[in-house]
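J.: here are the coordinates; sequence isn't available:
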């Protein structure tokens, strides 16, 4: 099963290296934040192999990316473990600004107006009806 998601890299964990019966291996995990509904969510992806680890090196924390990945699970001693393995990572644009709650003013902008900012005689007449 191949899936895709877009988000920004919020953390890169250390590269893990080792030796198995098949030779040397390298693995690196990284966290991607994406928008789902009103709140951001995060996923921990991994890349396997020295070539994929080198591909991940060109991306920095804050980079907006599109990731193609596969999901798999395995059982060990009665517990199930999920594996979210990225097999393609592409840049999609400039770094994404930090998440802001809906209705919040963007950083560095003027504050949102309040009721006190409205003119005293807003409608030009005394009745409260807008029509």
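T.: Great, that's in hand. Keep in mind that this is a model prediction, so the values were computed, not measured.

J.: contacts, neighbours, all on C-alpha from now
T.: Will do.

J.: would you map the helices across the protein?
T.: All helices of the chain, identified by DSSP state H, fall at 50-57.

J.: what ranges does this protein have for its strands?
T.: 2-12, 16-20, 23-36, 39-48, 64-76, 79-93 (DSSP state E).

J.: show me what counts as buried in the first one.
T.: To tie it back to what came earlier, the one meant is strand 2-12. Residues of strand 2-12 classed as buried by neighbour count (16 or more other C-alpha atoms under 10 Å): 6, 7, 8, 9, 10, 12.

J.: can you add distance to residue 29 and give those residues back as CSV?
T.: Listed next are the buried residues of strand 2-12 as CSV, based on distance: C-alpha to C-alpha, whole Å:
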residue, distance to residue 29
6, 17
7, 15
8, 14
9, 11
10, 11
12, 6
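
J.: distance to residue 54 and mean pLDDT added to the strands of the chain, as TSV?
T.: As requested, the strands of the chain are arranged in TSV below (distance: least, C-alpha to C-alpha, whole Å; pLDDT from 0 to 100):
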stretch	distance to residue 54	mean pLDDT
strand 2-12	13	92
strand 16-20	13	91
strand 23-36	10	94
strand 39-48	10	94
strand 64-76	15	94
strand 79-93	11	92
